[in-house]
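Enquirer: sequence plus predicted model, see below.
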Amino acid sequence: MVGMRGAYGYNDNGNEGGVVVGGGEAEAEIAAMAVLHKVAAPPAQSTASKLKARVKETFFPDDPFRGFKGKPLTTKWVMAVQYLFPILDWVPSYSFSLFKSDLVAGLTIASLAIPQGISYAKLASLPPIIGLYSSFVPPMVYAVLGSSRDLAVGPVSIASLIMGSMLRQAVSPAAEPLLFLQLAFTSTFFAGLVQASLGILRLGFIIDFLSKATLVGFMAGAAIIVSLQQLKALLGIVHFTTEMGLVPVMASVIHHTKEWSWQTILMAVCFLVLLLTARHVSMKWPKLFWVSACAPLACVIVSTLLVFLFKAQKHGISIIGQLKCGLNRPSWDKLLFDPQYLGLTVKTGLVTGIISLTEGVAVGRTFASLKDYQVDGNKEMMAIGLMNIVGSCTSCYVTTGAFSRSAVNHNAGCKTAMSNVIMALTVMVTLLFLMPLFVYTPNVVLGAIIIAAVIGLIDLPAVYNIWKMDKMDFLVCLCAFAGVIFISVQQGLAIAVGISIFRVLLQITRPKMMIQGNIKGTDIYRNLHQYKDAQRVPGFLILTVEAPINFANTNYLNERIKRWIEEESSAGTKQSELHFVILDLSAVPAIDTSGISFLIDLKKSTEKHGLELILVNPTGEVMEKIQRANDAHGHFKSDILYLTTGEAVASLSTFSKMTAP
């Protein structure tokens, strides 16, 4: 049988022909087989060109310089400068009408940025003024380097929480405030270094390991931990645990009931209800977005006036206290590279950098899709990274694009990154002239602002959708949530990422395989378990692999195929006796030397059992390596290669009839 099929070559017209066999029926069968198509090998390429193509697809999938082709040298230089500094792309065409829109948006997000900046700095156990510093310099840097029109830059709750919790494990912010501040600036420097490096080296795919399920669970857990941490301010507790877990926090709340202040609790309830009501109004009627945006600043102003008028600080209401006027002070001399703390600052910078980068890029892409423009992920990484490096030298801690602030910026009608500049200038005026007004601002209101901001991070509809779509993803989401709640923020994140990576490895080492059958009346072959109309073809075991074949999964594939062959052979009858094993390689994008060895061993094994292995539609890389193996040892002759399963079954069935006794 093999010999006869191997005799097929090409006739004078370039079509596949065959040996002459007498008889009309045989001639008809030969004519039917003449429509078979050959499996073509890919065009020959040098190793250097393959490596170049692979590197380009890995690090430059978006081909950022495709617009440079065919342009004069001067134009290329101008485009290169605009690529590095996106502000030069939109400033020349900037108009007064655009400025009016950006002015409204900038002032609106400034009203949110000022109270959030103060609140998030306290969440990170840093002086409140650092939060305002971080809302001044970084937005100015981002406006020059960033490619998003909607991203509003500043401190965010999650990065603040992580930085504060990680640094507090080694240094007490109350006992050693200067050292704690130095570690915060140094961690911010390393965070920026990591972010910028990922962008410069085109390694943005690393952040893709934080899947949607991981982020949903992590954000929800972090939101609850952030809210629980605010119980100190909301209840007026003086002695509060420094741990982050659910159990120690609730234990601390219960054990210090004598420190609860009814005045503080009353103020907390009132302002929290006001903030949540404003948030609900803005969500229900999007045109009233300004209600939620202005509510935090309004709460700060009203609560400060109440404390000042009624001297509430003398009745158990904790206040911020005196804040110095003035712009950001240089802090490059405060960067601490002491070996004793270097590991801590690098680890803190890595974790906060990756988390804040993921949030910033995701938020930028989200709003870019709404306005139908592109955001360059690697360029964003460089912008956010350089922004944090500069920030670490100007008394700022980790910043990124905040979702709540960016949503307000988007809804307020921003047109360009100029809204960040206007926000920064508004914060500058506050730093220069308005700081004395915050002396009597109660800490309880800052806690309420944080809770109102982070409650939106608990996305229950997303959790429900994950549960309905993929139970394994739901497990990842649940592990991230539980890890953050019961262990720690960074360990919860590590557990979720570990499970996600384990799942990917499981998919690689245990690739999906299936038996295919023929849909009656067609030459289509599909999964028997998915398509009820698909039927087994007597004498054939048709298998398909839907993954790369490599060293990690060849043993599994070998064992699984042998088991199927044994099952088919034992279950077969004289009429349906197994003769052919067809392996559909259409969905195998790549194969390594272990994979080729697996195919060779499988071919030898099937031949020992009197079966023939047939390979269908190997993709370019797979076909190239099969051809090399055939050139070296003659393992894979052309007669075992077919373009489609239908052609393979038709041809092999014909040969079976011709050679049958």
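Expert: Now that the structure is in, tell me what you want to look at.

Enquirer: go ahead and confirm residue 196 touches residue 390.
Expert: No. Using CB atoms under 8 Å as the test, residue 196 is too far from residue 390 to be in contact (10.5 Å). (Each C-beta comes from the backbone N, C-alpha and C, glycine too.)

Enquirer: who's in contact with the helix or strand residue 141 falls within?
Expert: When elements are assigned from DSSP states H and E, residue 141 belongs to helix 137-145. Here helix 137-145 makes contact (CB atoms under 8 Å, 6 or more residues apart in numbering) with 84-87, 151-154, 328, 379, 382-384, 386-388, 390-391, 394, 396, 399, 417-418, 420-421, 423-424.

Enquirer: 7 Å instead?
Expert: Contact partners of helix 137-145, identified using CB atoms under 7 Å, 6 or more residues apart in numbering, comprise 85-87, 153-154, 328, 382-383, 386-387, 390-391, 394, 396, 399, 417-418, 420-421, 423-424.

Enquirer: for stretch 597-611, same thing?
Expert: Contacts for stretch 597-611 (CB under 7 Å, 6+ apart): 549, 554, 557-558, 561-562, 565, 578-581, 612-613, 629, 635.

Enquirer: 10 Å - rerun?
Expert: 2, 541, 549-551, 553-555, 557-558, 561-562, 565-566, 568-569, 577-581, 583, 585, 591-592, 612-615, 618, 622, 625-626, 629, 633, 635-636, 640 (CB atoms under 10 Å, 6 or more residues apart in numbering).

Enquirer: list only buried entries from those residues.
Expert: Of the members of these, the ones counted as buried by neighbours, 16 or more other CB atoms under 10 Å, are 541, 549-550, 553-554, 557, 561, 565, 568, 578-581, 583, 585, 591-592, 612-615, 618, 622, 625-626, 629, 635-636, 640.

Enquirer: among the contacts of stretch 597-611, which lie within strands?
Expert: Members of these lying in strands (criterion: DSSP state E): 541, 580-581, 583, 612-615.

Enquirer: which one of those is nearest to residue 160?
Expert: Closest to residue 160 out of those is residue 583 (54.4 Å), distances taken as CB to CB.

Enquirer: what bridges to the closest one?
Expert: Beta-bridge partners of residue 583, counted by DSSP bridges, are residue 543, residue 615.

Enquirer: my guess is it contacts residue 541, does it?
Expert: Yes. If you go by CB atoms under 10 Å, residue 583 and residue 541 touch, sitting 9.3 Å apart.

Enquirer: and for those two, which residues touch both?
Expert: With CB under 10 Å, 6+ apart, residue 583 and residue 541 have common neighbours 561, 606.

Enquirer: any weak-confidence spans in the stretch 551-661 of the chain?
Expert: 571-576, 655-661 (pLDDT under 70).

Enquirer: where do the helices of it begin and end?
Expert: Along the stretch 551-661 of the chain, counting by DSSP state H, counting those that start in this stretch, helices occupy 554-571, 593-608, 620-633, 645-659.

Enquirer: and those helices: which comes nearest residue 522?
Expert: helix 645-659 (8.2 Å).

Enquirer: just to revisit the earlier point, check which strands are paired with the helix or strand just after the helix holding residue 141 and give the direction for each one.
Expert: Moving toward the C-terminus from helix 137-145, the next helix or strand (DSSP H and E) is strand 153-154. Here strand 153-154 has these sheet partners by DSSP bridges: strand 400-401 (antiparallel).

Enquirer: show me what contacts residue 582?
Expert: 516, 525, 537, 540-544, 612-616, 640, 642, 645, 648-649, 652.

Enquirer: oh, that last question was meant for residue 346, not what I typed.
Expert: Residue 346 neighbours (CB under 10 Å, 6+ apart): 186-187, 189-191, 193-194, 337.

Enquirer: what's the most distant pair in the residues you listed?
Expert: 194 and 337 (15.6 Å).

Enquirer: which secondary element of this structure has the worst mean pLDDT?
Expert: helix 2-6 (a mean of 43; mean pLDDT, DSSP states H and E).

Enquirer: for the longest helix seen in the chain, give the mean pLDDT please.
Expert: For the chain, the helix with the greatest residue count under DSSP state H is helix 339-371. Averaged over helix 339-371, pLDDT sits at 89.

Enquirer: picking up where we left off before, list the buried residues for the helix holding residue 141?
Expert: By neighbour count with 16+ other CB under 10 Å, helix 137-145 contains the buried residues 137-145.

Enquirer: quick check, central residue of the chain?
Expert: The residue lying closest to the centre of the chain (CA atoms, centre = their mean) is residue 208, at 3.4 Å.

Enquirer: so where's this protein shaky on pLDDT?
Expert: Residues of the chain that meet the cut-off, pLDDT under 70, sit at 1-36, 58-65, 242, 571-576, 655-661.

Enquirer: for it, which segments count as strands?
Expert: For the chain, the strands defined by DSSP E occupy 153-154, 400-401, 513-519, 525-527, 534-535, 540-545, 580-584, 612-616, 641-642.

Enquirer: so which of those gets nearest residue 44?
Expert: strand 641-642 (18.2 Å).

Enquirer: on contacts alone, who are the packing partners of that closest one?
Expert: Using 3 or more CB pairs under 10 Å, 6 or more residues apart in numbering; DSSP states H and E, the elements in contact with strand 641-642 are strand 612-616, helix 620-633, helix 645-659.
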